[in-house]
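Enquirer: Got a predicted structure here, sequence first:
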Amino acid sequence: MRIKACLVALLTMVFLVACSGPPRLASAVPATGDAAGCAEALSPPLPLDGRGDPLYPSLGNAGYDAQHYTLDLAADPARNTISATAAIRIRVLQELTAFALDYQGPEVHSLTVDGAPAGYERDGAKLRIALPEPLAAGQVFTATVAYAGAPQPVPSPAIPLPLGWLRSANGSYVASEPSGAQGWYPVNDHPCDKATYTLRITVPKPYVACANGRLEGTSDDAGTVTYLWEMRRPMASYLAAVNVGDFVLHTEEGPAGLPIRSYYARPVATAATRAFAHTAEAIAFFNSRFGLYPFAAYGVVVADVGLGAWAMENQTLSLFGRDVVGGGQAASFGPHELAHQWFGDAVTPASWRDIWLNEGFATYGEALWLEHTQGPAALEARMRAIYPGPGSRALFPPASPPANDLFDRAVYDRGALTLHALRRRVGDDAFFRILTAYAARYRYANAGTDDFIALANEVSVQELRPLLRAWLYDEAIPPYPEAPAQWLLGPQFLPEPLRLPGYPWP
Ligand SMILES: [Zn+2]
């Protein structure tokens, strides 16, 4: 996510944004839920609801692993209603007689387990389901929930913005980090339970629906079109997205044939095409710094809505507001959300406390792109600009953010400075080997701060714990990591040429 320091008022369903103060700088275990970094939360005894996240303990549920979501969703943009069926394939992790999903969406009309009607109750943000018969660990079943109505914005303690299924000028978009997914589908809403998705979206003509993954087909019916999207790599619930609008499709080919498909709101389509003209080049650059792009497609959506400095790294389809294309902001927002595809999306935090592993990395990704396009002095200037000077607000330790301020600039800026300090300590060669090893080892899975520190030690063969813990956990920020004199002559590290596998991508 990319976000600006704003005073945000949530007023009924309208949000008013009045910016004040300095801008915040932008924001492999397959889908089985027993991912690295998340194992601790799965130790018995398992609570039925609430996964015990250190910041948001009630988010998510334990006792099972959601493996695949099939969402059949018809949207009526004019009335802002949806009518949907969510079929969730679930593997049982401990003997269950009941289980819970997170859900704050429209009215539920029916609920079955393997086709048999199941009892359920809604209690706040939980949908509790009684199983027709007890299920043992290892069994797999499908829960199917039919629901319809007008999705309401979901408030969150993490950020003073409404989340969930939200209206644009001519359609809708989804904003879910950290807990908006439950506003539009029933879900195990914690990043530790990643899953694959089938998104079958029906919209009236001439609306277009775009979502995560690859578009596998469309079918016309009288007056409507159904778009079939498949996300075949594990995805955290907060990255699932459906965008409905009057979009102009822009396609191009990325490195080694990677399909890039972007959807631009018609009124700004020409400007958006210009603003995101460097997407393919940025993917190629990050391939050389982070390792191979982890998904089968990429693209951006520019929705017909003003989002200020907010943007979101939805998996394979980053989301931006129409106002990002006018002022040159796409030059930094674009690389930020793209970097998240490696850090946040493919490698997902094990808990929300580890948010710096998303935002610090994406902010440093922006700076690396600056270094690539404008030279090392530009990166150095960016890092000095975000280091707090005399009289500026302190940046709290980024690995322990407060629950009511998850996206404070500290997790962005001090997170990025942490990586910069690491790079200064170990040198470019070891630094980029750490980044690529981290992206590869935890790809499609989860990692926590301790996982990253241990990996940095291992790859560099150095004791980095004192350095990293000071940057991540000490109340006072360490001194600025000064560069050796020769540093500004240019990067010391030239990565090996990548051996790209060619299409199809993973
Ligand atoms: Zn971000």
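Expert: Received the coordinates, thanks. These numbers come from a predicted model, not from an experiment. Numbers count the residues shown, from 1 in each chain.
Enquirer: Verify the stated contact: Ala378 with His372.
Expert: No. Between Ala378 and His372 there is no contact under Cβ atoms under 8 Å: 9.3 Å. Where you see a C-beta, it was placed from the backbone N, CA and C, and this is true even at glycine.
Enquirer: neighbour count winner among the two?
Expert: Counted by other Cβ atoms under 10 Å, Ala378 and His372 do not tie: His372 has more neighbours, with 19 against 15.
Enquirer: Give me the neighbour count for the nearest residue to that one once chain neighbours are set aside.
Expert: Once flanking residues are discounted, His372 sits nearest to Phe285: 5.2 Å by Cβ to Cβ, 6 or more residues apart in numbering. For Phe285, the neighbour count with other Cβ under 10 Å is 20.
Enquirer: Also Ala116?
Expert: Ala116 has 10 nearby residues by other Cβ under 10 Å.
Enquirer: all numbers from here: first residue = 839
Expert: All right, first residue 839 from here; so that's Ala954.
Enquirer: Excluding chain neighbours, what is closest to it?
Expert: Here the residue nearest Ala954, using Cβ to Cβ, 6+ apart, is Pro970, at 4.9 Å.
Enquirer: burial of the one you found, as a residue count?
Expert: The burial count for Pro970: 16, using other Cβ under 10 Å.
Enquirer: and if you look at the one 5 residues further on?
Expert: One way to gauge burial is a neighbour count; for Ala975, by other Cβ under 10 Å, it gives 12.
Enquirer: check contacts around Ala916.
Expert: Contact analysis of Ala916 by Cβ atoms under 8 Å, 6 or more residues apart in numbering lists Pro1042.
Enquirer: Next, give phi and psi for it.
Expert: The phi and psi values for Ala916, taken as degrees, to the nearest 10, are phi -60, psi -40.
Enquirer: pLDDT wise, what is it at?
Expert: For Ala916, the pLDDT comes out at 96.
Enquirer: Run through the residues of this protein sitting next to the ion.
Expert: Taking Cβ under 5 Å from the ion, the part of the chain that reaches the ion is made up of Met839, Arg840, Ser865, Glu1197, Ala1200.
Enquirer: List just the nearest of those to the ion.
Expert: Ser865 (2.6 Å; Cβ to the ion).
Enquirer: about what we covered before: tell me the spacing between the residue nearest to Ala954 and Ala981.
Expert: 11 Å (Cβ to Cβ, to the nearest Å).
Enquirer: Mind listing the shared neighbours of these two?
Expert: Here Pro970 and Ala981 have Val951, Ala956 as joint contacts, going by Cβ under 8 Å, 6+ apart.
Enquirer: ok, back up a step: how much space separates the residue nearest to Ala954 from Pro955?
Expert: To Pro955, Pro970 is 8 Å away according to Cβ to Cβ.
Enquirer: where's His1178 relative to Ser1017, distance?
Expert: Taken as Cβ to Cβ, the span from His1178 to Ser1017 is 18 Å.
Enquirer: so where does the nearest residue to Gly1021 once chain neighbours are set aside fall, helix or strand?
Expert: Leaving out its chain neighbours, the residue that sits closest to Gly1021 by Cβ to Cβ, 6+ apart is Gly1002, at 2.5 Å. Gly1002 belongs to strand 1002-1006 when assigned by DSSP states H and E.
Enquirer: what about the helices in this protein?
Expert: 1107-1113, 1117-1128, 1168-1180, 1194-1212, 1214-1224, 1247, 1253-1279, 1287-1298, 1303-1311 (DSSP state H).
Enquirer: Poorly predicted segments of the chain, please.
Expert: 842-875, 877-886, 1322-1344 (pLDDT under 70).
Enquirer: dump the residue contacts of Glu1119.
Expert: No contacts exist for Glu1119 under Cβ under 8 Å, 6+ apart.
Enquirer: Distance check, Ala1248 against the ion.
Expert: Separation of Ala1248 from the ion (Cβ to the ion, to the nearest Å): 13 Å.
Enquirer: Hmm, that residue is touching Ala1237, no?
Expert: No. Counting by Cβ under 8 Å, Ala1237 is not a contact partner of Ala1248; they are 10.0 Å apart.
Enquirer: Just the CA atoms from stretch 894-903 would do, formatted as CSV, please.
Expert: Extracted C-alpha coordinates of stretch 894-903, given in CSV (Å, rounded to 0.1, in the frame of the first residue of the first chain):
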residue,chain,number,x,y,z
TYR,A,894,-5.7,-7.9,15.6
PRO,A,895,-6.3,-11.1,17.6
SER,A,896,-9.8,-11.6,16.3
LEU,A,897,-8.9,-11.6,12.6
GLY,A,898,-8.9,-14.9,11.0
ASN,A,899,-9.8,-18.3,12.4
ALA,A,900,-7.8,-21.5,13.2
GLY,A,901,-8.6,-25.2,13.1
TYR,A,902,-8.7,-25.3,9.3
ASP,A,903,-7.0,-24.2,6.1
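Enquirer: Using neighbour counts, pick out the buried residues of that stretch.
Expert: Tyr894, Ser896, Leu897, Gly898, Asn899, Ala900, Gly901, Tyr902, Asp903 (16 or more other Cβ atoms under 10 Å).
Enquirer: for stretch 979-999, same thing?
Expert: Judged by neighbour count using 16+ other Cβ under 10 Å, the buried positions of stretch 979-999 are 979, 981-986, 989-994, 996-999.
Enquirer: what does the strand holding Gly1002 rub up against?
Expert: Contact with strand 1002-1006 is made by 918, 920, 942-943, 989-992, 1010-1014, 1018-1022, 1080, 1083, 1103, 1141-1143, as judged by Cβ under 8 Å, 6+ apart.
Enquirer: tell me the contacts of the residue nearest to Ala954?
Expert: Val951, Asp952, Ala954, Pro955, Ala956.
Enquirer: How about Arg1127?
Expert: Leu1206, Phe1270, Leu1273, Thr1274, Pro1333.
Enquirer: of the residues you listed, closest to the ion?
Expert: Among those, and counting by Cβ to the ion, the member closest to the ion is Leu1206, at 14.3 Å.
Enquirer: quick one: that closest one and Ala1216 touch, right?
Expert: No. Between Leu1206 and Ala1216 there is no contact under Cβ under 8 Å: 10.5 Å.
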